[in-house]
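*Asks:* just need the structure, nothing else, for what follows:
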Amino acid sequence: MAHLGMTHPLAIRQGAAALAPRLFGSVGWYAALASYPQAAMDFSMRYDKRLKSTHRFAIADHGKVRELTIPVSRPEGAFASGRLAWSGILLSPHGRWWETIPTALESAYGRTPFYQYYAPKFAPLYREPAPGALLSEFLVEADTIVRAILGLPQAADLDLPPDAADLRAIPADAPGPQAYWQVQGSPFIPGLSILDLIFNQGPESPLYLKY
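*Replies:* Below you'll find the model as predicted:
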């Protein structure tokens, strides 16, 4: 991959880009993704249990940042074959997150202009994971829904080319290009999940991904 470090993601508008796996990535993460005609998460990245941002996202709740996490687990004998990538990490049923997360989202965003319209689109995600369910498949499913809402090209089964721009260093809380009106934000709270933008701005969300 062509490593760009923290080079402005909109400086290059051709080819493909690789991003670190994210659950409901930040507005800045999606702004970077949206600047390329092809972009996908790189699940071949080495698993690191310290990177909770892979399966955690930030929302605004009563004017403060709140982080919601989907628990994960390593498969049995995960390190027996050597290197473990994010592609091999499993969803965990711990904490019945498929019940607690939609409740938390409704509490935080139930009064936003577009929650009632968009929340049902995410409902298929909130189910008890089957044994052996992969985190990577769940993240792709969530990302597919978000891209459809934002009108962005789908990743499909994009095989990232060797010269793909490397955007994997983008911080999990990368802020978006522009501030936007938030029901929960006074003053504006940057660096939140793309869900914050979608529930507050609805069909105008794509406008806030542009510099």
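
*Asks:* now the longest helix seen in the chain: mean pLDDT?
*Replies:* Taking DSSP state H as the criterion, the chain has its longest helix at helix 135-150. Across helix 135-150, the average pLDDT comes to 97.

*Asks:* same deal with stretch 29-44?
*Replies:* Average pLDDT, stretch 29-44: 94.

*Asks:* could you do stretch 180-193 as well?
*Replies:* Along stretch 180-193, the predicted local confidence has a mean pLDDT of 90.

*Asks:* any idea how far the helix or strand following the longest helix of the chain is from the chain center?
*Replies:* Using DSSP states H and E, the next helix or strand after helix 135-150 towards the C-terminus is strand 165-166. The chain centroid and the centroid of strand 165-166 are separated by 17 Å, computed with CA atoms, centre = their mean, to the nearest Å.

*Asks:* likewise stretch 106-119?
*Replies:* When distances are taken as CA atoms, centre = their mean, stretch 106-119 is centred 18 Å away from the chain's centroid.

*Asks:* per-residue confidence averaged over it?
*Replies:* So the average pLDDT for stretch 106-119 ends up being 97.

*Asks:* so what's the nearest residue to residue 160 once chain neighbours are set aside up against?
*Replies:* With CB to CB, 6 or more residues apart in numbering as the measure, residue 18 is the residue that lies nearest to residue 160, at 5.1 Å, once sequence neighbours are left out. For the C-beta atoms, the positions are set from N, CA and C on the backbone; glycine is no exception. Residues counted as contacts of residue 18 (CB atoms under 8 Å, 6 or more residues apart in numbering) are 1, 39, 40, 41, 42, 160, 164, 165, 166, 167, 168.

*Asks:* that'll do, ta.
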